[in-house]
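Asker: Need the 3D shape of this:
(4 chains)
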Number of protein chains: 2
Amino acid sequence: MAKRSPARARAKRSVHDSAETRQRLIAAARDLFADRGFARVTVRDICAEASANVAAVSYHFGDKLGLYREIVGEAIDVLKQTSMISTDTVPGASAEERLRHYVRTFLPRLANPSDETQWIGKLMNHEMADPTPIATWIFEEAIMPRLMHLRDIIAELLDSDRDDPLVMRCVASVQAQCLFYRADPFKAAVANWPPADDASVAAVADHIVAFSLAGIAAARCAPGGMQRTQQ
Amino acid sequence: MAKRSPARARAKRSVHDSAETRQRLIAAARDLFADRGFARVTVRDICAEASANVAAVSYHFGDKLGLYREIVGEAIDVLKQTSMISTDTVPGASAEERLRHYVRTFLPRLANPSDETQWIGKLMNHEMADPTPIATWIFEEAIMPRLMHLRDIIAELLDSDRDDPLVMRCVASVQAQCLFYRADPFKAAVANWPPADDASVAAVADHIVAFSLAGIAAARCAPGGMQRTQQ
DNA sequence: TTGCAATTCAAACACTTGTTTCATACACTT
DNA sequence: AAGTGTATGAAACAAGTGTTTGAATTGCAA
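Answerer: Now for the predicted structure:
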């Protein structure tokens, strides 16, 4: 126990390369954890990638999970910022405009492989398939706020109460369509499914918005039993 | 190399417990692989669960991957059968009826935790986050046929060519909504999101159908630039 | 009964994992 | 120049991994 604290070392930033090894470890771990998830990345992988000694992770972060926590913390910080980009709109914007803005800013981050925050989506992919103790933290900080924002938009579009189960079903329908275009090692290995270039992503975003607006409108017209439009 | 072939042993089925150990191994491996994925299950876990010796896996299946292949093969067999349930319809059924039938039979298998084929969904979850060499096999045998079936339905609803990119975007919208309700360790750990009982699942299925039919109808009316319905 | 092949078992092997140890190199202060 | 605390590096450690070994054990046929 009682891991040596490198806190003062960072403050002094004058020894050797001024804890620049630490930054190389973080950079290497970010990419590797994103690609393979926590369990399938070894400390030796990270240190080799960062040109550091095997002991460096223990020294700078206590243990492997400490380094992972650092990465996830960074991910959540970025997520909160970009979440604000998706949820902040001009004061008078209509619900439809807010939905469009949400999807148009959210989707590129998920689907565009050249997006520099792409590693975050990959990281969360692994976290969802193979949750670490950090899963609940991610959910509460990064996912829940987005869902609540969507809920408010859709409740307004449906003109119904936010507790109406129909609202959350529509939230799921919208969010599901977005998440489907997440960059994903399976789809990548098996087909070239997700649209790559900016234009395709934008086209998909507009499709999702229009598709969803029509779906929500239909749900609004027939809130109770819209399931039978025919037959 | 040259793994001892237990093929004849199975045929004779007369020694010891007539290769009943083999079945116990398969049963144990099915549950464990479904819960944790290939990489995070150890041979010792499986053998302990099956009350067998550590060497049993090598003896009966060559190696760990051989046992996994056995499990995935079984999964694909079941998947093909249930896929037929989702895709087979009465001859004169309309596209809308076929879509409804597809979602209503597909969703319970994904969402209902008491479904006895639930382990297959879990297995594929892990395969998607952490593909093994078997990923392409699964995709071609189990996923691709479903997508093609959906494509035909939606092309008919849109009254457009099957190669129209709009068709696949709508396929993605429908499939995404279904897959969103997959039982998932992350959602389970973090919230009690997915609907549990049969009634809720059926309600969600009807929601997805109605939502999607409206979305498809909207896409049909404005195939090129449906993205701006207002604003 | 004896021989035979299939099956099980305890033990070990070879390898990888996260982590620790301890000696060394370094920059800076006194 | 000597001292000090930080950082690195090579090696080792302890636990866990998939797999193999070779000696039992078992049921059946000769």
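
Asker: What's the separation between residue A:180 and residue A:50?
Answerer: 34 Å (C-beta to C-beta, to the nearest Å). For every residue, glycine as well, the C-beta is placed using N, CA and C.

Asker: Give me the more crowded residue out of the two.
Answerer: residue A:180 (23 against 20; other C-beta atoms under 10 Å in any protein chain shown).

Asker: Could I get the pLDDT score of that one?
Answerer: Residue A:180 carries a pLDDT value of 93.

Asker: right, and it touches residue B:178 too?
Answerer: No - look at residue A:180 against residue B:178 with C-beta atoms under 8 Å: they stay out of range, at 10.1 Å.

Asker: all helices of chain A, in order?
Answerer: Secondary structure of chain A (DSSP state H): helices at A:7-12, A:20-36, A:43-49, A:56-61, A:64-87, A:95-111, A:118-129, A:135-138, A:144-158, A:165-179, A:185-190, A:198-221.

Asker: do the fifth one and DNA strand D meet?
Answerer: No - applying C-beta under 7 Å from any atom of the strand, one finds that helix A:64-87 is not in contact with DNA strand D, the shortest distance being 13.2 Å.

Asker: Contacts for stretch A:205-221 next, please.
Answerer: Stretch A:205-221 is touched from outside by A:96, A:99-100, A:103-104, A:107-108, A:154, A:157-160, A:166, A:169-170, A:173-174, A:177-178, A:226, A:229, B:166, B:169-170, B:173, B:207, B:210-219, B:222, B:226-227, B:229, with contacts defined as C-beta atoms under 8 Å, 6 or more residues apart in numbering or on different chains.

Asker: Now with 6 Å, please.
Answerer: For stretch A:205-221, the external contacting residues (C-beta atoms under 6 Å, 6 or more residues apart in numbering or on different chains) are A:100, A:103-104, A:107, A:157-158, A:166, A:170, A:174, A:177, A:226, B:169, B:173, B:210-211, B:214-215, B:218, B:226-227.

Asker: Quickly note the distance from the most centrally placed residue in chain A to residue A:213.
Answerer: Centroid-nearest residue in chain A, with C-alpha atoms, centre = their mean: residue A:121, separated by 4.4 Å. Going from residue A:121 to residue A:213 by C-beta to C-beta gives 25 Å.

Asker: same question, residue A:150
Answerer: In terms of C-beta to C-beta, residue A:150 sits 13 Å off from residue A:213.

Asker: Also residue A:197?
Answerer: Separation of residue A:197 from residue A:213 (C-beta to C-beta): 25 Å.

Asker: So for the two, which residue has more residues nearby?
Answerer: Here residue A:197 and residue A:213 are compared on neighbour count by other C-beta under 10 Å; more neighbours surround residue A:213, at 23 against 11.

Asker: quick one: that one from DNA strand C, how far?
Answerer: With distances taken as C-beta to the nearest atom of the strand, to the nearest Å, residue A:213 is found 47 Å from DNA strand C.

Asker: Residue A:204 too?
Answerer: Separation of residue A:204 from DNA strand C (C-beta to the nearest atom of the strand): 37 Å.

Asker: Kindly report the residues of chain A close to chain B.
Answerer: Listed as neighbours of chain B in chain A under the rule C-beta under 6 Å from any C-beta of the partner chain: A:125-126, A:128-129, A:131, A:135-136, A:139, A:169, A:172-173, A:176-177, A:180, A:185-186, A:189-190, A:206-207, A:210-211, A:214-215, A:218, A:226-227, A:230.

Asker: I only care about those that end up buried; give me the PyMOL line for that.
Answerer: Those of the residues of chain A next to chain B that count as buried under 16 or more other C-beta atoms under 10 Å in any protein chain shown are selected in PyMOL with:
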select buried, chain A and resi 125+126+128+129+131+135+139+169+172+173+176+177+180+185+186+190+206+207+210+211+214+215+218+226+227
